[in-house]
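Q: Sequence first, then the predicted structure:
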Amino acid sequence: MQVRSIAIQPTPVAADTVAPAAPEDVGALFVELRKPLFRYLLSLSLHPAEAEDVVQETFLRLCRQFRSGSCFSLRSWVFRVAHNLALDYYRMQLRQPSEALETGLPDSQQHGPADSRQNPEQCVIERQRAARLHTALARLAPKQQYCLHLRAEGLRYREIAEVLGVGTSTVADWIQDALQRLGKELK
């Protein structure tokens, strides 16, 4: 899956915005959001090292934002900044040619060891299901993919709308349409 750029425009600040009180708030938020943010960035096709860099840069920017004394919705702000930084990484990759490294391992070993509790038939069935889901997700529009990934990370529709710079009803429509398309393809 390739990251595709979508226009993200600033949105008005929500009613439940907060003005962070202290740098300790950043630490608590980092503990809470680091893993979901990292998973979201991986879903945007960033390599783990790049995703970790983006997470760190996002929280550095959050510290700077604290100093400015601005009021904003923390969770959606963090995901929005990380989303934009991921797009910047993707654009940078397009400008720099990269060389893929071959590991020399068969495909089955590159994805890690199979679950020893499953028999080979169950492993094959599970891989086929995962491949079908991955293919069906790749067929969705990028905006729908972004919505599903953010929803999977626990963001509410309103927060997703803030991250993507669209209305809440638009997010609901995109998610509903995506789930209907996935349901039809995976039957």
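A: Looks like it came in fine.
Q: And Val166, how far from Glu159?
A: According to CB to CB, to the nearest Å, Val166 and Glu159 sit 12 Å apart. In this view, the C-beta of every residue, glycine as well, is placed from N, C-alpha and C.
Q: More neighbours: which of those two?
A: Just comparing Val166 and Glu159: by other CB atoms under 10 Å the higher neighbour count belongs to Glu159, 24 against 20.
Q: how far away is the nearest residue to the more buried one once chain neighbours are set aside from Arg129?
A: Using CB to CB, 6 or more residues apart in numbering and skipping residues adjacent in sequence, the residue nearest Glu159 is Ser76, 4.2 Å away. Taking CB to CB as the measure, Ser76 falls 32 Å from Arg129.
Q: Lowest-scoring secondary structure element of this protein by mean pLDDT?
A: Using mean pLDDT, DSSP states H and E, helix 107-110 stands out as the lowest-scoring helix or strand of the chain, at a mean of 48.
Q: what mean pLDDT would you report for the next helix or strand after it?
A: Going down the chain from helix 107-110, the next helix or strand is helix 120-138, by DSSP states H and E. Helix 120-138 shows an average pLDDT of 86 in the prediction.
Q: same check, this time on stretch 56-73
A: Averaging pLDDT along stretch 56-73 yields 78.
Q: got the CA coordinates for that stretch in PDB?
A: Extracted C-alpha coordinates of stretch 56-73, given in PDB (Å, rounded to 0.1, in the frame of the first residue of the first chain):
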ATOM      1  CA  GLN A  56       9.400  11.400  18.200                       C
ATOM      2  CA  GLU A  57       9.200  14.500  15.900                       C
ATOM      3  CA  THR A  58       5.500  14.700  16.600                       C
ATOM      4  CA  PHE A  59       6.000  14.800  20.300                       C
ATOM      5  CA  LEU A  60       8.800  17.300  20.000                       C
ATOM      6  CA  ARG A  61       6.400  19.600  18.100                       C
ATOM      7  CA  LEU A  62       3.800  19.000  20.800                       C
ATOM      8  CA  CYS A  63       6.400  20.300  23.400                       C
ATOM      9  CA  ARG A  64       6.900  23.400  21.300                       C
ATOM     10  CA  GLN A  65       3.100  23.800  21.000                       C
ATOM     11  CA  PHE A  66       2.900  23.600  24.800                       C
ATOM     12  CA  ARG A  67       5.300  26.500  25.100                       C
ATOM     13  CA  SER A  68       3.100  28.600  22.900                       C
ATOM     14  CA  GLY A  69       0.200  28.200  25.200                       C
ATOM     15  CA  SER A  70      -2.300  27.400  22.400                       C
ATOM     16  CA  CYS A  71      -5.500  25.500  23.100                       C
ATOM     17  CA  PHE A  72      -6.100  22.400  21.000                       C
ATOM     18  CA  SER A  73      -7.500  18.900  21.000                       C
END
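Q: where does this protein dip in pLDDT?
A: Across the chain, the ranges flagged by pLDDT under 70 are 1-24, 68-72, 95-117.
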